[in-house]
Each structure stands twice: as C-alpha cells, then as structure tokens.
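task: produce atomic coordinates for the following.
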Amino acid sequence: MNIAIRNPVPARREEGSLQVALDPDIRIETAKVFAVYGKGGIGKSTTSSNLSVAFSKLGKRVLQIGCDPKHDSTFTLTKRLAPTVIDALEAVQFHSEELRVEDFVVEGYNGVRCVEAGGPPAGTGCGGYVVGQTVKLLKEHHLLEDTDVVIFDVLGDVVCGGFASPLQHADRALIVTANDFDSIFAMNRIVAAIHAKSKNYGVRLGGVIANRSAKTDEIDRFNDAVGLKRLAHFQDLDVVRRSRLKKATLFEMDPSPELLAVQAEYLQLAEQLWAGVDPLPAVPMKDRDLFEFLGFD
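Purely as a prediction, here's the structure:
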C-alpha cells in the first residue's frame, strides 16, 4: 500500500537538491542533538545504541531515533524490532492525534527511549518526510521537553536530501568510519553534505568515531588533511559481534578486561560530547583528489 502524505509541505531547492521542506516550527530546542552517519554496514547502530546507554549511565535522559526503513537501529536496546512511526500512522489513517506514546515509543535498556522512524515503501515517498513527522509527533506528545540527549541513527551514506534531513535538527554530526578506502571515501561525501547543510542550519561537524579497526593511521591522515578530529576508537572485537547476536548492548555483556575497556571508551565519548565539542571547519576533498590521497603502496 502506498503512503498517502496528508498536506505535504512543498518541496524546496537547497544547495542544488530538491527535497521536502521541513516545517520551520518543528525544532528540537531543549536537548543536545547528535546525528550519526557513516558508510553502510560500518556499525552506526551498534555505536549509536551503546552511546545512548553511555549517556544514560551518566544520568541523562536519552532518546534514540532510528532513521532507516529496516527499523533495526534500536533492537539491542529493546530486544525486538520496534513498530515504526509510519506503521503507527498508517494504523490510524495518518490522524496523528489518535496515537498514544506507547504506539511509537519503546523503552529500552537503562531507560533509553527508542523510536524507529521507518520509511516509505521501496521506490516511493521521501525519507525526509518520515523524519519530519517523527519529530513532529515527539513534540506533540511533549516527549522532547524532558529529554537531555537525542541521537539520530541514519542509514548509510548521504545519498539524498531526505535522509540528510536529521542534519536540520542536529547540533553536531558524528561520522563512524573504519580505517579503509571505502569508509573514508564515504566519510568525505558525508563531510560535503554536512558542509552544505551548515550554510542554512545550525548543524556542525563534531568529530569522527573510528570503528572496527585495529589501526587508525589512514583515518588520522585524512582527518589532518581536511580538518577533522577523532573522538574515539573501537577495535574489531568479537564481544561486539556476540552482543549483536544476543540482542544486547555492550553494557549488558558478561564482564571481561577488553569489554570494560570498550565500555570505558563509550563513557568517555559520552562525557566528551556532553561537555561539548568544538565545531570542526572541515572542507571535503574532490573525489579525484581523495582517490589519489588514499592510494596505498
């Protein structure tokens, strides 16, 4: 069934792209907002969920919003695939006033509140509309008024204005990457998208999270070249894989020295982000220049 958008906001052209314009009154004003991007399959959902728990361990009230049609961002927090905002809206024929909070918000581990925006059916609709409707619902139910931290976990590389829309709500964008060509190439494209959005919105680059990598030499070399900074480093550990299979966050796994070290890294990252990270004036490379820059012997 196709999703019928009731009273859609007219599209707008912004920095060369055509996309659904968000209602300027739909803003997140009372929380620190982070948008997590990175190459598909790099571990954004794992990173986002464990970072959400780390913030909650610091006593913060956390809301994680999954922005992927697969709606699997929060399953390690909730132990199930949560219903999506689009599912909930379809059930009431898009009369949002009929929805209850429990129809689209699930409480996860350590009190982290979880929302899966979902997405339109394949080949139809716009992801930006879905994100906008999700934030609108949260505001209508006053769920943002008692939230300290909001984390948007966004699918893959930035390939359209719709799925770049979380940047219009975020204070800081975080990029998850591995120490390889494809991940860094995707990171450069994401830097370009954030650079474009920052001309019209308050979002700024917050930093880079190295993930699934024993070393960070190529990440650090790229960061130095374009003006980025690494905030944390998570190696490719088997305990991370096992936590996903157990539908659990790293903070719920049996303790071990390596696990305690990973937990400590997430806690220091949360503390660093809560204290505030300076905006990074990174400038992306041209694709051809990056291709030459990342040439390996």
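
skipping its backbone neighbours, what lies nearest residue 256 in space?
Distances taken as C-beta to C-beta, 6 or more residues apart in numbering place residue 239 nearest to residue 256, at 7.0 Å, with adjacent residues excluded. In this view, the C-beta of every residue, glycine as well, is placed from N, C-alpha and C.

for the chain, what spans make up the helices?
With DSSP state H as the criterion, the chain has helices at 44-57, 75-78, 85-91, 127-140, 181-197, 217-226, 238-245, 257-275, 287-293.

I'd like to know which elements the fourth one is packed against.
By that I understand helix 127-140. Applying 3 or more C-beta pairs under 8 Å, 6 or more residues apart in numbering; DSSP states H and E, we find helix 127-140 packed against strand 17-20, strand 62-67, helix 85-91.

which of the ones you listed sits closest to residue 263?
Minimum separation from residue 263 across the helices and strands packed on helix 127-140 (C-beta to C-beta) falls at strand 62-67, 16.0 Å.

any residues touching the closest one, and which ones?
The contact list for strand 62-67 (C-beta atoms under 8 Å, 6 or more residues apart in numbering) reads 31, 45, 48-49, 52, 55-56, 72-74, 77, 82, 108, 111-117, 127, 130-131, 134, 138, 143-144, 147-155, 163, 166.

need the helix or strand of this protein with the lowest average pLDDT.
Using mean pLDDT, DSSP states H and E, the weakest-scoring helix or strand in the chain turns out to be strand 17-20, at a mean of 42.

the residue nearest to the spatial centre of the chain and residue 197, how far apart?
Nearest to the mean C-alpha position of the chain, counting by C-alpha atoms, centre = their mean, stands residue 153 at 2.3 Å. Using C-beta to C-beta, to the nearest Å, residue 153 is found at 17 Å from residue 197.

what's the answer for residue 185, then?
Counting by C-beta to C-beta, the gap from residue 185 to residue 197 is 20 Å.

neighbour-wise, which of those two wins?
Neighbours per residue (other C-beta atoms under 10 Å) separate residue 185 from residue 197, with residue 197 holding more: 24 against 18.

so that one sits right up against residue 165, yeah?
No - between residue 197 and residue 165 there is no contact, the gap being 9.2 Å when judged by C-beta atoms under 8 Å.

tell me, what's touching those two both at once?
By C-beta under 8 Å, 6+ apart, no residue touches both residue 197 and residue 165.

give me the mean pLDDT for stretch 207-218.
What stretch 207-218 shows for mean pLDDT is 97.

ends of it, how far apart?
Length of stretch 207-218, first residue to last, C-alpha to C-alpha, to the nearest Å: 15 Å.

how about it: buried residues?
By neighbour count on 16 or more other C-beta atoms under 10 Å, the buried set for stretch 207-218 is 207-213, 216, 218.

between the residues you listed, which is closest to residue 249?
Closest to residue 249, out of all of the buried residues of stretch 207-218 and judged by C-beta to C-beta, is residue 211, at 15.1 Å.

related to what we said a few turns ago, gap between the residue nearest to residue 256 and residue 269?
Applying C-beta to C-beta, the value for residue 239 to residue 269 is 17 Å.

the two: who's more crowded?
Of the pair residue 239 and residue 269, residue 269 is the one with more neighbours under other C-beta under 10 Å, namely 23 against 13.

how about that one: what's its closest non-neighbour residue?
residue 232 (4.3 Å).

now, the buried residues of stretch 207-218 that are in strands?
Members of these lying in strands (criterion: DSSP state E): 207-211.
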